[in-house]
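In: 3D model of this:
(chains A and B)
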Amino acid sequence: MDCLVCHDTTGHYKKTPTSAGWPDKDLDLKPIAEKVGHSSRVSCGSCHFNGGGGDAIKHADMGGNLARPDPNCDVHMGSLDFSCRTCHTTRQHRIAGRSSSVAAAEGVVRCEQCHSEAPHLGNSLLDHHLNRHSRTLACNTCHSPVYAKCAPTKTWWDWSKAGDKQRKPAMMDLGTGTPLPDYHPMKGEFRWQRAVKPSYDWFNGNMARVLLGDAVPLDQGPVLLTRPLGSIRDPAARITPFKIMKGVQAFDPLYHTLLIPHLFPRNAEDTTAYWKHYDWQMAFIDGMASAGLPYSGQWHWQETWMYWRLEHEVMPAKMALSCIQCHDSLRGEKTCDRCHQDSRHVDFKKLAHQPTDVSFLQQIGQSTVALQGNNDYLDLKQLGYRGDPIVYGGRFKELPLGQKIPSTR
Amino acid sequence: MRKTSQAFQRCVFVALLLAVALLDPQPEPVRAAGAGAPTDWLAPGQQQALERARQTVPLIEAIRREGPLRRREHLHDLGLTVKAVKTTYFYLNSPLISAVEDHYTGVRFNHGQHAAQAGDCSVCHHLRPEQDVAYSPHPETVRCSACHQQAFDERVPERPGLKAAYHQRCIGCHKQQRSGPQVCTDCHLKQVPDHAKLVKLPEHPDALQVTAECLRCHEAQAHDMLQTAHWLWRGPSPYTQDRSREVLHGKGTTALNNY
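Out: So this is what the prediction gives:
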C-alpha cells in the first residue's frame, strides 16, 4: 500500500511508468513521509490529470493547470482554492463521485450539495426563471459553455492508424505554447481541441455501458461504450454537457466484442506486446487470452464513442450562457413582455439580450463565434422540443400564454 | 516607586505586544485547502476570505434587547434580505478560536446560500449592538465575532464564546432542518500534526519501510483503504443500466474505454 501517492504535500513524490507502481528509485522518501498531509489537487491530479497518457487527454476538464488554476477556467479551484476533497467528500477512504467513464461509484457529488435546488439567489424574476431552469438543465450547461478551456484535450483517437513508423506527425499549437502531435506510431491518429462547445444530451444520472465481453451490434454506426440515460420525458433527466470522445477500435466480427490488445511489454523477453512488435494479431491473441475471452482471430476496425460528463471548469457567473443564446423567441423587440406586462422598472430587452462575457476566451486566443450572435447554442429540436419552449411550452407544462399553438400531447 | 511601576507597566505592555505578535496566527504561506499546491500561487477569492477571517474587532458589550419575533420583523421591515448580502463566501477561521486550540482547519461558509435558504437574517443575526459600529457595513448584521469572542469573558459572562456560538447555531439549525453537516469533519478537516516529529524512519528508507511506518499508527485507515475502489479498482455500480446490482465493475475488472 502506498500512502504517499495521495498524502504527499511536497510535490516531489513520483512514480515512473515502468516501475509497476513502485516509487521512483532515486527518491529519498524520508523527507516526503515527514511532511504527509491531506490530499490536494496536486496529489489527486498525479493520477487523474494524466488519464489517457498525458495532461488533460481524457478528462477535458481536469489537467495540470489546476495546480495554479485561472479563476476563469475553474472558479471553485481557481478563486476559492477548492481541493478535490472539498466536493468529493470522503468517508473511511471512500471518495464520493459518480463517474461517467467508470462504473464503480462510492458516493455522489452534486452541485446542489452546496448550492441547493434553488441556486440563483435573490428574489428577482430572473432568479425565479433560472431556478426553474435548474430542474431541466445541469448547472454546467450554462455555467461552463465551453470545455477544455485551459488545456487542450484529445477528442479523436484512431487506433487503426497505429504502426506507421515513417509517418511524420503534424504538430498543432492550440495557444498553450506546446505543440501537440496528431500522430504517434504506438497509438495512432489523434485530434486535439481546446475551448470546445460540448455535446448536450438528456441525462438522469445513470449510464448505459459496454463492459468487457459484451457483444454489441457492429452494423449500426458508432458503438457507444458509454451513453447517458434519460429523455425529455424523464423528470429526473436534465440537459447535460458532455465531451464525446470518438475513436476507432478493433472488434471481433464473430463474437462482436471489443478486442483487448496487449500493449505494454511485460519484460524484455515479451514476444507479443504491440508497443514492442507492432503486430495487432499477436497483441489481440495475448490480450484476449489474458482477459479470459474468446477471440476468432479476425478483427474489424469500428468507430466508438464515449460520453464524458463535464462537471468541473465552472466559470464565473458573468461568463454563463444568457437567455438569448438558446431562446430564439427573445431575439427581437418582444422579449419577456411576451408573457409579462411591461414594467418601467425593468428593461426586459436589456435583461434578455445581455451577452455572455467572452473576454476570457478572447484573452486566451480561442474562438468565440459559437457564443456570439447565435440563438441556437442548445439545439432544442434535437433535444426533443418542438421549438423554443417560451413559444411552444416546456416539457411538462404548456404555457403559451396567448400564443395559439396546436396541442401535441 | 511610581516611575518604576510605570516602567514595569510599559515592559508588560511591550511583552504583551510581543506575545500577541508571536501568537499572531498568520503563518506563511496560508494555505487552507490547497496543501501541496504551489506556494507561488494564490487563489484570489480565498485570499480575500482568509484576510477577512484573520480580522478581529473590538468586543461589543452593549446589546439592544429585542425579542426574536420583533427582531425578525424589524429586519424584514428594513429590507434586509438575501439581496443585501454583500459577501457571499466566508472562510470561518478566526484567531479567537485558533489561538486557544487549533485542531481543525477553518470552515468554508456559503453565506449567500444560507441567507437565501433561511430567508430570514435574524436566524443568525439575532441581536444587534446598542451603538452603531464603524467597522460594520450594517449595524444590524454585525459579524458573529463582534459579540461572541472568548468564553467566560467577565464583561459578558452569559455569552457563549465564538466557537460555541458557531457550533450551536450551525449544528442546531442543521439538526432542526435535517439538512447540512452535523459532524466535525463534514465542515472542517483535522489539522495534520507535524509528522517530522512522529515519523521514525532510517535514512533513505525503501517504500515498504515507509508504509510499515505509516501503518504503525494508521492501521485502521489501512484496513479501510483495502475496501475502497481506489485500492480494488472495482466497486458497486449502482448507476449503470442492467448492472446496478452487481458489485464488481471498475477499471480492474470490466471497464472499457477508447483511449
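In: helices and strands around the helix or strand harbouring residue B:169, which ones?
Out: Under the criterion of DSSP states H and E, residue B:169 resides in helix B:162-177. Applying 3 or more CB pairs under 8 Å, 6 or more residues apart in numbering or on different chains; DSSP states H and E, we find helix B:162-177 packed against helix B:95-98, helix B:144-147. C-beta coordinates here come from the backbone N, C-alpha and C atoms, glycine included.
In: What segments of the stretch 301-409 of chain A are strands?
Out: Taking DSSP state E, counting those that start in this stretch to define them, one finds no strands in the stretch 301-409 of chain A.
In: Up against chain B, what does it have?
Out: By the rule CB under 8 Å from any CB of the partner chain, the part of the stretch 301-409 of chain A lying against chain B is A:304-306.
In: Save those as TSV, and put in pLDDT too.
Out: Output for those, formatted as TSV (pLDDT from 0 to 100):
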residue	pLDDT
A:304	98
A:305	98
A:306	97
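In: List the buried residues of the helix holding residue B:169.
Out: For helix B:162-177, the neighbour count (16 or more other CB atoms under 10 Å in any protein chain shown) marks B:162-163, B:165-166, B:169-171, B:173-174 as buried.
In: Please name whichever of the helices and strands packed on helix B:162-177 is nearest to chain A.
Out: Among the helices and strands packed on helix B:162-177, helix B:95-98 comes nearest to chain A, with 17.0 Å by CB to the nearest CB.
In: pLDDT (mean, whole number) over that closest one?
Out: Average pLDDT, helix B:95-98: 94.
In: again, but for stretch A:108-120
Out: For stretch A:108-120, the mean pLDDT works out to 94.
In: got the buried residues for stretch B:220-238?
Out: Those would be B:225, B:228-232, B:234-238, for stretch B:220-238 by 16+ other CB under 10 Å.
In: ranges for the helices of chain A?
Out: A:4-7, A:29-33, A:41-48, A:75-78, A:84-87, A:112-115, A:125-133, A:139-143, A:274-277, A:280-291, A:348-353, A:359-363, A:389-392 (DSSP state H).
In: Tell me how far the residue of chain A positioned farthest from its centre lies from residue A:377.
Out: Within chain A, the residue lying farthest from the chain centre (CA atoms, centre = their mean) is residue A:344, at 42.9 Å. Separation of residue A:344 from residue A:377 (CB to CB, to the nearest Å) stands at 31 Å.
In: can you pull the buried residues of the next helix or strand after the helix holding residue B:169?
Out: As assigned by DSSP H and E, the chain's next helix or strand after helix B:162-177 is helix B:184-187. Neighbour-count burial for helix B:184-187 flags residue B:187 (criterion: 16+ other CB under 10 Å).
In: now do stretch A:301-315
Out: Buried, per 16+ other CB under 10 Å, within stretch A:301-315: A:302, A:304-315.
In: so where's the longest strand in chain A?
Out: strand A:238-251 (DSSP state E).
In: Which elements pack onto it?
Out: If contacts are counted by 3+ CB pairs under 8 Å, 6+ apart, strand A:238-251 sits against helix A:139-143, strand A:153-158, strand A:199-203, strand A:223-228, strand A:300-309.
In: Show the average pLDDT along it.
Out: 98.
In: What about residue A:136, how many residues nearby?
Out: Applying other CB atoms under 10 Å in any protein chain shown, we find 18 residues neighbouring residue A:136.
In: so what's it up against?
Out: Applying CB atoms under 8 Å, 6 or more residues apart in numbering or on different chains to residue A:136 gives the contacts A:238-239, A:394-395.
In: Just give me the neighbour total for residue B:251.
Out: 18.
In: I figured it hits residue A:102, correct?
Out: Yes. Using CB atoms under 8 Å, residue B:251 is in contact with residue A:102, at 5.8 Å.
In: what about the residue lying closest to residue A:212 once chain neighbours are set aside, distance to residue B:116?
Out: Nearest residue to residue A:212, sequence neighbours excluded (CB to CB, 6 or more residues apart in numbering or on different chains): residue B:254, at 4.1 Å. Using CB to CB, one gets 43 Å for the distance from residue B:254 to residue B:116.
In: what does residue A:63 give?
Out: Using CB to CB, one obtains 33 Å as the distance from residue A:63 to residue B:116.
In: Stretch B:198-205 near chain A anywhere?
Out: Yes. In terms of CB under 8 Å from any CB, part of stretch B:198-205 sits within range of chain A, namely B:199, B:201-205.
In: so residue A:387 makes contact with residue A:375?
Out: No. The criterion here is CB under 8 Å, and residue A:387 misses it with residue A:375 at 11.5 Å.
In: Could you pull out the residues contacting both of these two?
Out: In contact with both residue A:387 and residue A:375: residue A:328, using CB under 8 Å, 6+ apart.
In: Ramachandran angles for residue A:9?
Out: Residue A:9 adopts backbone torsions of phi -110, psi 0, taken as degrees, to the nearest 10.
In: What's the local residue count around the spatially closest residue to residue A:358 that is not a sequence neighbour?
Out: Leaving aside its sequence neighbours, residue A:358 sits nearest to residue A:368 (CB to CB, 6+ apart; 4.1 Å). Neighbourhood size, residue A:368 [other CB under 10 Å]: 16.
In: Quickly note the distance from residue A:368 to chain B.
Out: Taking CB to the nearest CB, to the nearest Å as the measure, residue A:368 falls 24 Å from chain B.
In: my guess is residue A:326 meets residue A:383, correct?
Out: No. Counting by CB under 8 Å, residue A:326 stays clear of residue A:383, with 10.1 Å between them.
In: of the two, who's got more company?
Out: More crowded of residue A:326 and residue A:383, by other CB under 10 Å: residue A:326, with 24 against 15.
In: residue contacts, that one?
Out: A:375-378, A:380, A:388.
In: What is the strand or helix carrying residue B:51 packed up against?
Out: Residue B:51 belongs to helix B:44-54 when assigned by DSSP H and E. Contact here means 3+ CB pairs under 8 Å, 6+ apart; on that basis helix B:44-54 packs against strand B:89-92.
In: Rounded mean pLDDT for the strand it packs on, please.
Out: The average pLDDT within strand B:89-92 is 96.
In: Can that strand be said to contact chain A?
Out: Yes. Using CB under 8 Å from any CB, strand B:89-92 reaches chain A at residue B:89.
In: Ignoring the adjacent residues along the chain, who's closest to residue A:171?
Out: Leaving aside its sequence neighbours, residue A:171 sits nearest to residue A:179 (CB to CB, 6+ apart; 3.8 Å).
In: again with residue B:189
Out: residue B:105 (4.6 Å).
In: how about the nearest residue to residue A:107, chain neighbours excluded?
Out: Of all residues not flanking residue A:107 in the chain, residue A:96 sits nearest, at 2.9 Å (CB to CB, 6+ apart).
In: Now do the contacts for the residue in the stretch 301-409 of chain A that chain B sits nearest to.
Out: Relative to chain B, the nearest point of the stretch 301-409 of chain A is residue A:304 (4.6 Å; CB to the nearest CB). Applying CB under 8 Å, 6+ apart, we find residue A:304 in contact with A:222-225, A:246-249, A:258, B:258.
In: distance of it from residue B:259?
Out: Distance from residue A:304 to residue B:259, counting by CB to CB: 10 Å.
In: intersection of neighbour lists for those two?
Out: Counting by CB under 8 Å, 6+ apart, the contacts common to residue A:304 and residue B:259 are residue A:247.
In: Read off the pLDDT value for the residue nearest to residue A:227 when sequence neighbours are not counted.
Out: Of all residues not flanking residue A:227 in the chain, residue A:208 sits nearest, at 4.5 Å (CB to CB, 6+ apart). pLDDT, residue A:208: 96.
In: Could you do residue B:4 as well?
Out: Checking the pLDDT column for residue B:4, the value is 44.
In: which residues sit against stretch B:88-103?
Out: Contacts for stretch B:88-103 (CB under 8 Å, 6+ apart): A:80, A:121, B:23-25, B:32, B:45-46, B:49-50, B:52-54, B:56, B:105-113, B:145, B:149-150, B:161-163, B:166, B:190-191.
In: Could you do stretch A:116-124 as well?
Out: Residues contacting stretch A:116-124 (CB under 8 Å, 6+ apart): A:111-112, A:126-127, A:130-131, A:134-135, A:139, B:81-83, B:85, B:88, B:112-113, B:115-117.
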